[in-house]
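**Student:** what would the 3D arrangement of this be:
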Amino acid sequence: MKLFSSVRLPSFARRLLRPLLDPYRRYRHAKLIHAIRVSIGLLATILLTTGLNLPHGEWASVTMLVVIGGLQHHGNIGKKAVERAYGTLIGASVGLLLVAQQAYLGQQLLTYLLMSVVCGFFSYHAIGKGGYTALLSGITVFIVAGHGENHFSDGLWRTVDILIGIALALAFSFALPLYAVYSWRYNLASALRDCAAIYSRIINGQSVTDDEHLKLLNRLNTAMVQLRSLMPSVSKEVRISMTELDAIQRHLRMAISTLEILGNSRPDPRDGQAMARMQVVLKTEHRQIRVQLMGMARALKSGATERLERPGGMPTQEASLDAPVHNALDGYRLLTLQLAANIDAMRQCLAKSASHWKI
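**Tutor:** Residues are numbered from 1 along each chain as shown. Purely as a prediction, here's the structure:
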């Protein structure tokens, strides 16, 4: 990855390839890029097998779809593609052995029994870790051997076609890779902007029960799930530990929870005097929290991580957080300070790991 990022293209080439090289555009059009990549890969397998006049060449195209058709992010392509390739090779080898057994012994019932036992073995291992490799092995047995009636040459040609499909699939999987870290960055940036929008609604006295507010909260909950699912791939792609990613995820979850509590514990928006006092007492905190949230979102989207090095400058000293609570506004202020401290800790985590995810 670092090798490709260090290559310097001529200015005219950068302008021409900007839509493909820009991370955000690739993130926005990830499905389209993946579809085009698979289509070109399939065309290559068709032209190659047809041009060489290989028997049963359609299995090269089937293998191409099986190996990379459902894999989008670069972080899981390597591992998953190898797992699927192993499954295909194991199944093809077993299928050829069964065809050879049928050709030399001619025992049809024995072939059926062996196929059933072998596929039962694969099914046993299909439940749990590496399950897809085992399942694909069983499927490939039937692709190569049929019910044992295929000729050995047919099984061998199908195996060759499968190998061609695997090789081309692995080659095309690394063409214009779609990194999971892009999706992680931009989804996290969007979540932080939604947090800023919710916080603005809270401090400006807007309803926390209307459709717009609930829509934002639902979007944040969805983003949390998506970010969690991306973390293993991000960790593999950019060599960042799951512990660091978990810390960022935890700070985001705590921020969302605190925002929900703030929305339900703020002064009554109909009490103009209480709202005005809140605005005066927490003026600095309100401004700095929004600045921090939007600053992190911009840094994640643009890659300009310098803004992450700027401390928040908010009064989050231990004495302030441990101050006694005398009234509702004191409790609300304490929650605001806790939110500020949590957001600042998240900023520090992002700054510390920026050298990894800034690609």
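**Student:** tell me how far Leu97 lies from Gly165.
**Tutor:** Taking Cβ to Cβ, to the nearest Å as the measure, Leu97 and Gly165 are separated by 21 Å. In this view, the C-beta of every residue, glycine as well, is placed from N, C-alpha and C.
**Student:** my bad, should have said Asn187
**Tutor:** 33 Å.
**Student:** name the residue in those two with the higher neighbour count.
**Tutor:** Neighbour count, other Cβ atoms under 10 Å: between Asn187 and Gly165, Gly165 has more, with 29 against 18.
**Student:** give me the nearest residue to that one, chain neighbours excluded.
**Tutor:** Nearest in space to Gly165, with sequence neighbours left out and distances taken as Cβ to Cβ, 6 or more residues apart in numbering, is Thr63 at 2.8 Å.
**Student:** give me the pLDDT for the closest residue to Val99 other than its chain neighbours.
**Tutor:** Closest residue to Val99 apart from its sequence neighbours, by Cβ to Cβ, 6+ apart: Gly155 at 4.4 Å. If you check Gly155, the pLDDT there is 75.
**Student:** and what of Lys129?
**Tutor:** Per-residue confidence for Lys129 comes out at a pLDDT of 77.
**Student:** Leu217 now?
**Tutor:** On the pLDDT scale, Leu217 is placed at 90.
**Student:** which residues touch it?
**Tutor:** 198, 256, 260 (Cβ atoms under 8 Å, 6 or more residues apart in numbering).
**Student:** most surrounded residue in the residues you listed?
**Tutor:** Neighbour max across these (other Cβ under 10 Å) = Ile198, 25 neighbours.
**Student:** contacts only, for that one.
**Tutor:** 213, 216-217, 220, 259, 263.
**Student:** try Leu252
**Tutor:** Leu252 sits in contact with 188, 191-192, 195, 224, 227, 346, where contact means Cβ under 8 Å, 6+ apart.
**Student:** if we go to 10 Å?
**Tutor:** Shown in contact with Leu252 (Cβ atoms under 10 Å, 6 or more residues apart in numbering): 188, 191-192, 195, 220, 223-224, 227, 342-343, 346.
**Student:** name the nearest of those relative to Thr133.
**Tutor:** Leu227 (27.5 Å; Cβ to Cβ).
**Student:** I'd guessed the closest one sits against Val234; true?
**Tutor:** Yes. With contact defined as Cβ atoms under 10 Å, Leu227 counts as touching Val234 (9.1 Å).
**Student:** got any residues that touch both of the two?
**Tutor:** Both Leu227 and Val234 are in contact with 183-184, 245, where contact means Cβ under 10 Å, 6+ apart.
**Student:** any chance of these in JSON lines, plus pLDDT?
**Tutor:** Formatted as JSON lines, the shared contacts of Leu227 and Val234 follow (pLDDT from 0 to 100):
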{"residue": "Ser183", "pLDDT": "86"}
{"residue": "Trp184", "pLDDT": "90"}
{"residue": "Leu245", "pLDDT": "91"}
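**Student:** just how off-centre is stretch 350-359 within its chain?
**Tutor:** Centroid separation for stretch 350-359 versus its chain: 17 Å, with Cα atoms, centre = their mean, to the nearest Å.
**Student:** let me redo that: stretch 186-205
**Tutor:** That offset, for stretch 186-205, works out to 22 Å (Cα atoms, centre = their mean).
**Student:** cool, and stretch 108-125?
**Tutor:** 37 Å.
**Student:** then stretch 182-198?
**Tutor:** Centre-to-centre, stretch 182-198 and its host chain are 14 Å apart (Cα atoms, centre = their mean).
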